[in-house]
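Peer 1: Whatever this is, show me its structure:
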Amino acid sequence: MKNKILLLMITILSLTACKTRKNIPKTKPKTKPKNTTVVTKPVTPKTTSVSKTVYEYQADYVEQYKEIAMREMREYGIPASITLAQGLLESGAGRSQLSRQSNNHFGIKCHKGWEGKSVNYDDDKPQECFRKYKNPEASFIDHSKFLTGKKRYAFLFDLPKDNYTKWAFGLKKAGYATSPTYPKQLIKLIKRYNLYQYDGLVLGKKVKKQEEVISTVSINKQQTNNKPKPVIDKKPTPKKVKEKGVSEVASNALENLLADEEVEDTKTTINFKHIHIVSAGETLYSIAKENELTVAAIKQLNNLESNDLALGQKLVLAKEKIKKTATYTVKKGDTLYSLSKKLNVSIADLKTKNNLKSNDLSLGQELKY
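Peer 2: Numbering: from 1, shown residues only. Next up, the predicted model:
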């Protein structure tokens, strides 16, 4: 009897074990797919945008091109300080449209005989032809060749290589730029960034900071080889208008405003208001709006060539009281385009204020602006 019970229990246990084994699901071993490339997304580094001041852009420009300027001085005899200052001024420290898109850092136009690439930009006239280069260095090299290859610049190379003041005024005398303040702007940049030190490195001597020249200067005090002494033509200037607390630059700018014979303005009076120090986030437009001025007036008073401002920069502000009736008499050769630049008024405003249906102008026509 005991044997039967034992046999029955063994049989039941065997059947249970078999049933459990059948219920275990079979799983296939995992296999890696063939020809599978694992792609991971690149990690994009976080960037923080830091806005530079004009001074920082200019300092970076000097650092980037000083070696090229010194090399050109050794090869062609043009002071490195002059080359760097011209590049800074003409290219807006490498940020102007012409320099960024065409690598033209010196504003050199095509001129007769240019066979390289070119691009058209509005300048003194609409769509003027400017030279285009493959890189900035090519622009620096062509600048040297341009000055050494033109007869009108020949007298410059008789000037001392360590006298950037004479070179600055010499360039204006030779007609490199039309702005009457061009020499002063070059000299200001040279002094601000001690660019004369690079002249000294090439010449192997220390070049001293020179006194700023406000009025016209002699280009060549020592006559060489009995050549006539080239001198900047001295033009008569109107009587200076001095106001208490006004800088000499502002006084000169005021003279330019009052001496402009092309614009016939009706009884304009300018009262100096105060010196404004540029703070973070300010623009010429915001400063002009706050002080009831125009951007053009601030630029003219401070001899500014562009709208760029630097943190801490000092601006002379003046309040203009101009009668509503400002007129201009059309002269030979005037066009709406040229007058819009001269009068700092848009073509649309000129046409609106004078009920003009077309762009045609008549000699002697009175225009309100």
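Peer 1: my read: His105 touches Phe140, true?
Peer 2: Yes. Using C-beta atoms under 8 Å, His105 is in contact with Phe140, at 6.8 Å. (C-beta placed from N, C-alpha, C; glycine too.)
Peer 1: Need the overlap of contacts for these two.
Peer 2: Gly87 (C-beta atoms under 8 Å, 6 or more residues apart in numbering).
Peer 1: Looking at these two now, which is surrounded by more residues?
Peer 2: His105 (29 against 22; other C-beta atoms under 10 Å).
Peer 1: need the contact list for the more buried one.
Peer 2: Counting by C-beta under 8 Å, 6+ apart, His105 has contacts Gly87, Glu90, Ser91, Gly94, Ser99, Pro136, Ser139, Phe140, His143.
Peer 1: And it, which helix or strand is it part of?
Peer 2: For His105, there is no host helix or strand (DSSP states H and E).
Peer 1: just Pro180 next, same as before
Peer 2: Residue-wise, Pro180 maps onto no helix or strand under DSSP H and E.
Peer 1: Check the gap between it and Phe169 for me.
Peer 2: 11 Å (C-beta to C-beta, to the nearest Å).
Peer 1: And these two? Which one has more around it.
Peer 2: More crowded of Pro180 and Phe169, by other C-beta under 10 Å: Phe169, with 23 against 12.
Peer 1: And the furthest pair within the contacts of His105?
Peer 2: Gly94 and His143 (14.0 Å; C-beta to C-beta).
Peer 1: Next, show the common contact partners of these two.
Peer 2: By C-beta under 8 Å, 6+ apart, the residues touching both Gly94 and His143 are Gly87, His105.
Peer 1: Settle it for me: which of these two has more neighbours?
Peer 2: When Gly94 and His143 are compared for neighbours, His143 comes out ahead with 24 against 18, by other C-beta under 10 Å.
Peer 1: what's the more buried one in contact with, if anything?
Peer 2: Glu72, Ile78, Thr83, Gln86, Gly87, His105, Phe106, Ile108.
Peer 1: Setting aside sequence-adjacent positions, which residue approaches the fourth one most closely?
Peer 2: Take Gln86 and drop its neighbours on the chain: the residue closest to it by C-beta to C-beta, 6 or more residues apart in numbering is Phe106, 5.8 Å away.
Peer 1: quick one: that neighbour and Leu293, what's the gap?
Peer 2: 32 Å.
Peer 1: Looking at the two, which one has more neighbours?
Peer 2: Taking other C-beta under 10 Å, Phe106 and Leu293 do not tie; Phe106 has more neighbours (21 against 18).
Peer 1: Look up how far Lys357 lies from that one.
Peer 2: Taking C-beta to C-beta, one finds Phe106 at 42 Å from Lys357.
Peer 1: Low-confidence stretches in this protein?
Peer 2: 1-8, 10-51, 211-274, 318-325 (pLDDT under 70).
Peer 1: all helices of it, in order?
Peer 2: Here the chain has its helices, by DSSP state H, at 2-23, 54-76, 80-91, 97-102, 136-149, 164-174, 182-192, 196-203, 248-258, 284-290, 295-301, 336-343, 347-353.
Peer 1: still on that earlier bit, pipe the contacts of His143 into a markdown table and attach distance to Lys125 per row.
Peer 2: Listed next are these as a markdown table, based on distance: C-beta to C-beta, whole Å:
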| residue | distance to Lys125 |
| --- | --- |
| Glu72 | 30 |
| Ile78 | 28 |
| Thr83 | 27 |
| Gln86 | 22 |
| Gly87 | 24 |
| His105 | 21 |
| Phe106 | 19 |
| Ile108 | 16 |
